[in-house]
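In: Got a sequence here, can you build the structure:
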Amino acid sequence: MSSLDHLLCPDTTARKLSNHSLHYSDPSDFRLSDTSSKPNSRRCCIPDCQKTAKRGGRCISHGGGNKCAVDGCTTSVVSRGLCVAHGGGKRCQTQGCTKSAQSGGFCWVHGGGKKCGYHGCSKRAQSGGACIAHGNLFFTFFLQLIHPNSP
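Out: Presented below is the predicted three-dimensional model:
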């Protein structure tokens with residue numbers, strides 16, 4: 001954390017108490033009750049961030065949570081104490097493969113990833129939701145919608 005972080009992220013105990021109010025019916029009976037919408041959730045201490053805080057009072061996006069166990073890596077942990085680059089997260093379901101799983105539970109090499117949006121095509125999408133072969137078809141179709149009189 002930088003030297004100014006204490007200004008953005010006040011002490012977490014003080015922050016926790018700010019979500020509670022004091023209720024009592026007589027001086028001998030008082031209790032703290034939660035006034036936040038989620039009783040056990042804390043918000044990131046960065047102004048205007050609505051994400052849930054992890055370790056250090058910050059959300060994952062702002063540097064909160066545990067860090068990767070690999071020396072010199074400052075990326076947030078995904079699973080098993082590691083970031084995605086060092087083996088955290090879901091792995092490909094193909095036996096012996098150690099790559100990260102894409103959608104469908106397999107890595108890109110073994111067929112994981114988003115499929116082409118063209119009806120009946122089983123290839124994987126590159127950009128724009130289509131494979132290389134159908135990407136130009138989508139592009140041409142949308143150009144015709146925008147400029148119907150163009151050749």
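In: drop to CA atoms for contacts and neighbour counts, all remaining ones
Out: OK.
In: where do the helices sit along the chain?
Out: Remark: helices assigned in the chain by DSSP state H are 5-8, 12-17, 132-146.
In: Can you tell me which of these has the worst average pLDDT?
Out: Least confident of the helices of the chain, judged by mean pLDDT, is helix 12-17 with a mean of 41.
In: okay, and the helix or strand of the chain with the least pLDDT?
Out: helix 12-17 (a mean of 41; mean pLDDT, DSSP states H and E).
In: Check what pLDDT the nearest residue in space to Gly112 that is not next to it in sequence gets.
Out: Closest residue in space to Gly112, ignoring its immediate chain neighbours: Phe106 at 4.3 Å, by CA to CA, 6 or more residues apart in numbering. Phe106 carries a pLDDT value of 91.
In: quick one, what contacts Phe106?
Out: Taking CA atoms under 8 Å, 6 or more residues apart in numbering, we find Phe106 in contact with 91-94, 100, 112-113.
In: Name the nearest residue to Cys131, ignoring sequence neighbours.
Out: Closest to Cys131 by CA to CA, 6+ apart is Ala125, at 4.2 Å.
In: any idea how far His134 is from the one you found?
Out: Using CA to CA, to the nearest Å, Ala125 is found at 9 Å from His134.
In: and if you look at Val70?
Out: Distance from Val70 to His134, by CA to CA: 41 Å.
In: Break the protein into its domains for me.
Out: 41-88, 90-136 (the TED database).
In: Which of the ones you listed sits closest to His147?
Out: domain 90-136 (16.0 Å; CA to CA).
In: tell me the strands in the chain, going along the chain?
Out: 20-26, 29-34 (DSSP state E).
In: one step back: between Val70 and His134, tell me which one has more neighbours.
Out: Legend: neighbour count by other CA atoms under 10 Å for Val70 and His134, higher for His134 (18 against 12).
In: residues in contact with that one?
Out: His134 neighbours (CA under 8 Å, 6+ apart): 116, 118.
In: show me where pLDDT drops low in the chain?
Out: Applying pLDDT under 70 to the chain flags residues 1-40, 137-143, 150-151.
In: What's the separation between Gly128 and Trp108?
Out: 17 Å.
In: again with Gly72
Out: Where Trp108 is concerned, Gly72 sits at a distance of 28 Å (CA to CA).
In: So for the two, which residue has more residues nearby?
Out: Applying other CA under 10 Å to Gly72 and Trp108 shows that Trp108 carries more neighbours, namely 17 against 8.
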